[in-house]
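Trainee: One predicted model, sequence on top.
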Amino acid sequence: MSFFTKLRERLTRSSSKIGEGLDDIVGDGAPADDRAVVPADNKAPAPAEPSPPPAPDQPAPQQSSGLVGRLFGRGDAAAAEQPRRALDDEMLEELEDMLVQTDLGVETALRVTANIAEGRMGRRVSSTELKQLLAAEIARIMTPVAKPLPLYPRKPQVVLVVGVNGSGKTTTIGKLASQFKAAGKNVVIAAGDTFRAAAVEQLQVWGQRAGVPVMVAAQGSDPASLAFDAMTRAEAEGADLLMIDTAGRLQNRQDLMEELAKIVRVIRKKDPSAPHNTLLVLDATTGQNALSQVETFRKLADVSGLVMTKLDGTARGGVLVALADRFGLPIHAIGVGEQIDDLDAFDAEEFARALVGL
Ligand SMILES: Nc1nc2c(ncn2[C@@H]2O[C@H](COP(=O)(O)OP(=O)(O)OP(=O)(O)O)[C@@H](O)[C@H]2O)c(=O)[nH]1
């Protein structure tokens, strides 16, 4: 299954909220004669005139469904039959509200709505057209930030992974390590959240799955010292990548900041240009809270890119658009499940189409 197919299937909580929201906006405001009306007695309306039987050399109407139908314009015919509503201030306000409710955030919702309105006021649009316009706006915002994790010739390339506990750091490291390994890269993982035995065990399980060594230290020992040892080993083995997991205790920000700063100081003794990437892992289910997590972690560490996980389990996937619009940080990958291949590079157009339910 392609990642796009998976994304479309698993993003349904978000996409149905947005897609149905758009259907409602257009349907509710469309003039009555634009809607498919079912009479009060709940019987389907009788056709005004009986349809003529198809001519012998003409395909029967039902044969135009499916692929052939789509290829020969049934989609256009179906779109033409959809209710339409004229774009006016009231409709734009409804659109804006719906986008705010689907976690795009007020600023982004305003901007997106204004761009959709520009040059189109008074135009009668169908819900499919509105979805296409919205998808295009979302793709426009997100295309500049859709950047796979950059790979450098530097060995080892050090990737520091930060984020609150439970955001999906361990899983993301496991998935990335496994994918890099499959691509022929030599990877080492360091289990830097030394205080949480469960986190270390999880990482070891992922390491085994991926066939990648995981360096661990005694519980409660200094993560910076583990990072230094991991750096030494990665250099000695000529590893391409060293991925360092870190703690995510935001309860004591000062401690966490010092811990992260110390890890960075120590690995820079070995390579002044390290870490080459600092990935912030965000959980989509936290919705708007992801925005404040970016703000917080940018103060704690030099965040160079984002990974968003759990887009499969939430109707709040729109927050990724708000993140792209607000911070402009590269989005390297998105996660849509718990399996190794449920993480892939972020593609703006695919995401935009999946998010609006196209
Ligand atoms: N549905 C779904 N679950 C995910 C995804 N990514 C991670 N998870 C799950 O989220 C939970 C937390 O993920 P972890 O990778 O352990 O998160 P962490 O940030 O390392 O958290 P700690 O180990 O508590 O520090 C686990 O049960 C994962 O299986 C995803 O994309 N989709």
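Mentor: Right, received. Where do you want to start?
Trainee: Where does the stretch 201-350 of the chain get nearest to the ligand, residue-wise?
Mentor: For the stretch 201-350 of the chain, the residue closest to the ligand is residue 335, as judged by C-beta to the nearest ligand atom, at 2.9 Å. In this view, the C-beta of every residue, glycine as well, is placed from N, C-alpha and C.
Trainee: Who is that residue paired with across the strands?
Mentor: Per DSSP bridges, the residues bridged to residue 335 are residue 343.
Trainee: Check the contact between it and residue 314; I expect there is one.
Mentor: No: the pair residue 335 / residue 314 is not scored as a contact, 11.5 Å apart, by C-beta atoms under 8 Å.
Trainee: how about the helices in the stretch 1-150 of the chain?
Mentor: Using DSSP state H, counting those that start in this stretch, the helices of the stretch 1-150 of the chain run over residues 3-10, 12-29, 66-71, 74-81, 89-101, 106-117, 127-142.
Trainee: for the longest one, packing partners?
Mentor: Spelled out, it's helix 12-29. Applying 3 or more C-beta pairs under 8 Å, 6 or more residues apart in numbering; DSSP states H and E, one finds that helix 12-29 contacts strand 84-86, helix 89-101, helix 127-142, helix 348-356.
Trainee: outside of the third one, which residues touch it?
Mentor: Contact with helix 127-142 is made by 18-19, 22-23, 25-27, 79, 82-83, 95, 108, 112, 115-116, 120, 125, 320-321, 324-325, 331, 346, 348-349, 351-353, 355-358, as judged by C-beta atoms under 8 Å, 6 or more residues apart in numbering.
Trainee: hmm, which of those are the buried ones?
Mentor: For the contacts of helix 127-142, a burial check counting by 16 or more other C-beta atoms under 10 Å picks out 18-19, 22-23, 25-27, 82-83, 95, 108, 112, 115-116, 125, 320-321, 324-325, 331, 346, 348-349, 351-353, 355-357.
Trainee: worst-scoring helix or strand of this structure, pLDDT-wise?
Mentor: When the helices and strands of the chain are scored by mean pLDDT, DSSP states H and E, helix 66-71 comes last with a mean of 38.
Trainee: out of the helices and strands packed on helix 12-29, which comes closest to residue 286?
Mentor: helix 89-101 (16.0 Å; C-beta to C-beta).
Trainee: next one: the helix or strand hosting residue 180 to chain centre, how far?
Mentor: Per DSSP states H and E: residue 180 is located in helix 169-182. How far helix 169-182 lies from its chain's middle: 17 Å, per C-alpha atoms, centre = their mean, to the nearest Å.
Trainee: can you list the weak-confidence ranges in the stretch 201-350 of the chain?
Mentor: By pLDDT under 70, the stretch 201-350 of the chain has no low-scoring segment.
Trainee: ok, stretch 208-228 near the ligand or not?
Mentor: No: using C-beta under 6 Å from any ligand atom, stretch 208-228 stays clear of the ligand, with a minimum separation of 12.3 Å.
Trainee: which residues sit against that stretch?
Mentor: With C-beta under 8 Å, 6+ apart as the criterion, stretch 208-228 contacts 174, 177-178, 181, 187-195, 197, 200, 203-204, 206-207, 229-230, 233, 244, 246-247, 259, 262-263, 265-267, 269-270, 340.
Trainee: Mind checking which of those are buried?
Mentor: Buried subset of these (neighbour count, 16+ other C-beta under 10 Å): 174, 177-178, 181, 187-194, 200, 203-204, 206-207, 230, 233, 244, 246-247, 259, 262-263, 266-267, 340.
Trainee: Intersect the residues you listed with the contacts of the ligand.
Mentor: Residues of the buried ones among the contacts of stretch 208-228 in contact with the ligand (C-beta under 6 Å from any ligand atom): residue 193.
Trainee: Take the buried ones among the contacts of stretch 208-228 and keep only those in strands.
Mentor: Using DSSP state E, the members of the buried ones among the contacts of stretch 208-228 that fall in strands are 187, 188, 189, 190, 191, 244.
Trainee: and the fourth one, bridged to which residues?
Mentor: Okay, so that is residue 190. On the basis of DSSP bridges, residue 190 is bridged to residue 215, residue 244.
Trainee: just checking, it touches residue 244?
Mentor: Yes: using C-beta under 8 Å, residue 190 makes contact with residue 244 at a distance of 4.5 Å.
Trainee: Can you tell me, leaving aside adjacent residues, what's nearest to residue 25?
Mentor: In this structure, residue 25 finds its nearest non-sequential neighbour in residue 94, 4.8 Å apart by C-beta to C-beta, 6 or more residues apart in numbering.
Trainee: Sorry, wrong one. I was asking about residue 195.
Mentor: Using C-beta to C-beta, 6+ apart and skipping the chain neighbours, the partner closest in space to residue 195 is residue 220 (5.7 Å).
Trainee: and if you look at residue 270?
Mentor: Here the nearest residue to residue 270 in space, its sequence neighbours aside, is residue 231; by C-beta to C-beta, 6+ apart that works out to 4.7 Å.
Trainee: Quick one: residues contacting that neighbour.
Mentor: So residue 231 contacts 156, 158, 242, 266, 267, 270, 271, 274 (C-beta under 8 Å, 6+ apart).
Trainee: Using TSV, lay out those together with secondary structure.
Mentor: Formatted as TSV, those follow (DSSP: H, G, I helix; E, B strand; the rest coil):
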residue	secondary structure
156	coil
158	strand
242	strand
266	helix
267	helix
270	helix
271	coil
274	coil
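Trainee: for the residues you listed, which one is nearest residue 286?
Mentor: Using C-beta to C-beta, those come closest to residue 286 at residue 158, 27.1 Å.
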